Structures are given as structure tokens and as C-alpha cells.
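Visitor: Using only what follows, build the 3D model:
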Amino acid sequence: MAAGLHPLAPHHLPAFITAPGETDTLMIVTGVFLLLAVLGVGLLFLRLHTLPERMAHKSQKLQFEIVAVLGLLALFTHVHLFWVAGLLLALIEIPDFSGLFGRMAHALERIAGVAPRSTGGDDAAAQAQPDPRPIEKVGSTAHEGGQGHA
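Guide: Purely as a prediction, here's the structure:
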């Protein structure tokens with residue numbers, strides 16, 4: 001490269017200046033670094049974006065689905081409030097009221113004299129069998145129906 005230098009050019013050139021026709025190593029290293037940096041930042045962003053979903057994955061199905069929908073809304077609308085709401089919902093432990101409400105519904109069905117519905121799960125066989133205890137109607141007494149009238 002020293003043979004083709006202009007007489008006014010400095011005799012010692014920096015290493016990143018390449019001669020015509022040679023491979024520009026600095027450009028290749030910079031391009032690889034840029035590609036890895038963009039991929040790394042993208043993966044970090046997606047990992048951070050899915051944080052509420054990964055936290056809610058261990059919770060109830062309904063809570064997980066709501067958090068997932070909030071995450072999608074935040075991703076496509078760029079409204080960060082949806083992501084914050086999903087994160088807060090994933091952090092909150094929502095109590096399971098389904099067991100309590102199921103027991104209340106079963107008790108009300110017994111009081112009303114309605115046959116319990118089968119859920120199709122493991123308890124279906126146990127619920128299909130009638131309760132051996134007699135069902136008392138509200139307001140009924142032992143004196144009705146001709147019993148004990150004097």
C-alpha cells in the first residue's frame with residue numbers, strides 16, 4: 001500500500017484503512033456485532049414482554065388467559081398500561097371460589113329436590129347416585145299428608 005500513497009499523505013495509516021480490493025475486516029466485525037446486538041435486544045425485549053404470562057402460567061386457567069390477552073393487546077397497540085395491568089394481575093393470587101360455589105350449588109340442588117348435574121369428571125359416578133337421606137321440602141311437617149291427624 002505504501003507504493004500508491006500520495007506524497008502528502010501520512011506514511012503511517014491506521015489499521016482500519018484497507019487497500020483497494022482487500023477485505024474490510026472492520027466492516028465485517030461491525031456487521032456481525034450489529035446483527036448479534038439486534039438479535040440480543042430483540043430476545044431481551046420478548047423475554048421481558050412475556051414475563052407476566054410466564055408468571056401467571058402457574059395460576060388458574062382464566063387468570064392466565066386474561067394475562068395473555070393483556071400481553072397481546074400491549075404488544076399490538078403499544079399501550080403499556082395493558083402490560084402493567086397484566087403484570088399486576090399475574091402477581092395477585094386470586095382465590096378459587098369455584099369449589100365454594102360448587103358446594104353451595106350442590107346444597108341448593110339437594111334442598112330444592114333437583115337431581116345433581118354430572119360434571120363428567122371423576123366425581124360423576126359419585127354425583128350420579130342419589131342421596132340416601134330424605135329431602136325435606138321447605139314448610140313441610142310430619143302432620144301433612146294424613147299422617148298423625150286426630
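Visitor: After the longest helix belonging to the chain, which helix or strand is next?
Guide: Within the chain, and with DSSP state H defining each element, the longest helix by residue count is helix 25-49. Tracing the chain past helix 25-49, the next element assigned as helix or strand by DSSP states H and E is helix 51-56.
Visitor: what comes up buried for that next one?
Guide: Taking 16 or more other CB atoms under 10 Å as the basis for neighbour counts, the residues of helix 51-56 that come out buried are P52, E53, M55, A56. (C-beta placed from N, C-alpha, C; glycine too.)
Visitor: Looking at the residues you listed, spot the one nearest M27.
Guide: Checking these against M27 with CB to CB, the nearest one is E53 at 39.7 Å.
Visitor: For the closest one, list the residues it contacts.
Guide: F64, V67, A68, G71, G86, A90 (CB atoms under 8 Å, 6 or more residues apart in numbering).
Visitor: Could you dump those residues into a markdown table with secondary structure added?
Guide: Output for the contacts of E53, formatted as a markdown table (DSSP: H, G, I helix; E, B strand; the rest coil):
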| residue | secondary structure |
| --- | --- |
| F64 | helix |
| V67 | helix |
| A68 | helix |
| G71 | helix |
| G86 | helix |
| A90 | helix |
